[in-house]
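Novice: Following is a predicted model, sequence given first.
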Amino acid sequence: MAKSVTIEIEADDGSETLTHQVFAFFGHTLIAVAIWGTMMLVGYVINPAYIPQIVISTLSFLVPLIAGALIIGARPSEIAPHVWLAGIIWMLFLSLWLLDLPTGPNACNQCAATEKIVRSFFSYPTPSGLIDDNGPFFGTWPAIATIGYGIGAGIVQARRKNSAK
């Protein structure tokens, strides 16, 4: 007579972990963009006469970098260093949109694809005229903010892992 043994195994399908990771990713992305937006709002309230774009780009990187380091220092997250991907995807999405925009007088007339993107995102050597010359505001600076936030979070996380060893 053979005995039948039944073993119940509780399988973890990972859906709870995946859901947590998705919310953490979008939450940290939102935090990075909110930090950048607050920085821009403070700049508009102060309303200085002229600030070069390189200064705004540098601040768009450094302020979220420092904030990301402080936030992850206080509340560790494995997902926060990966927020830079959201910035790259955002720039790629806007690049595709920019390439589909029509050109004409005062709108990057007869620009090649690379020139269209460089002049739109970096206003170099002159703005493209596309999206009302707001390419850095809509594309470059938010992306730089998420990249800075991710690097700041990654630095703190790497230091924490090294000190734990």
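Specialist: Looks like it came in fine.

Novice: which residues touch residue 149?
Specialist: 28, 31, 32, 35, 64, 65, 67, 68, 80, 83, 84 (CB atoms under 8 Å, 6 or more residues apart in numbering). All C-beta spots, glycine's among them, are computed from the backbone N, C-alpha and C.

Novice: what does residue 60 give?
Specialist: Applying CB under 8 Å, 6+ apart, the residues contacting residue 60 are 36, 39, 140, 141, 142, 144, 145, 148.

Novice: can you give me the helices for the chain?
Specialist: For the chain, applying DSSP state H gives helices covering 15-46, 53-74, 84-100, 113-122, 135, 141-164.

Novice: so of those helices, which one's packed in deepest?
Specialist: Per-stretch averages of neighbours, counted by mean count of other CB atoms under 10 Å, single out helix 135 among the helices of the chain, with a mean of 24.

Novice: Which other helices and strands does it contact?
Specialist: helix 113-122 (3 or more CB pairs under 8 Å, 6 or more residues apart in numbering; DSSP states H and E).

Novice: The helix it packs on: what's the following helix or strand?
Specialist: Per DSSP states H and E, the first helix or strand lying C-terminal to helix 113-122 is helix 135.

Novice: what sits up against that next one?
Specialist: 94, 98, 119, 120, 121, 122, 123, 127, 128.

Novice: I'd guessed residue 82 sits against residue 24; true?
Specialist: No: Residue 82 lies out of contact with residue 24 (CB atoms under 8 Å); the separation is 9.4 Å.

Novice: List the contacts of residue 126.
Specialist: residue 119.

Novice: Would you mind checking the average pLDDT for stretch 128-143?
Specialist: Stretch 128-143 carries an average pLDDT of 83.

Novice: Okay, buried residues for that stretch please.
Specialist: 128-131, 133, 135-136, 138-143 (16 or more other CB atoms under 10 Å).

Novice: Switch these over to TSV; also include distance to residue 73.
Specialist: Shown next, in TSV, are the buried residues of stretch 128-143 (distance: CB to CB, whole Å):
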residue	distance to residue 73
128	40
129	43
130	40
131	37
133	38
135	33
136	30
138	30
139	29
140	27
141	24
142	23
143	24
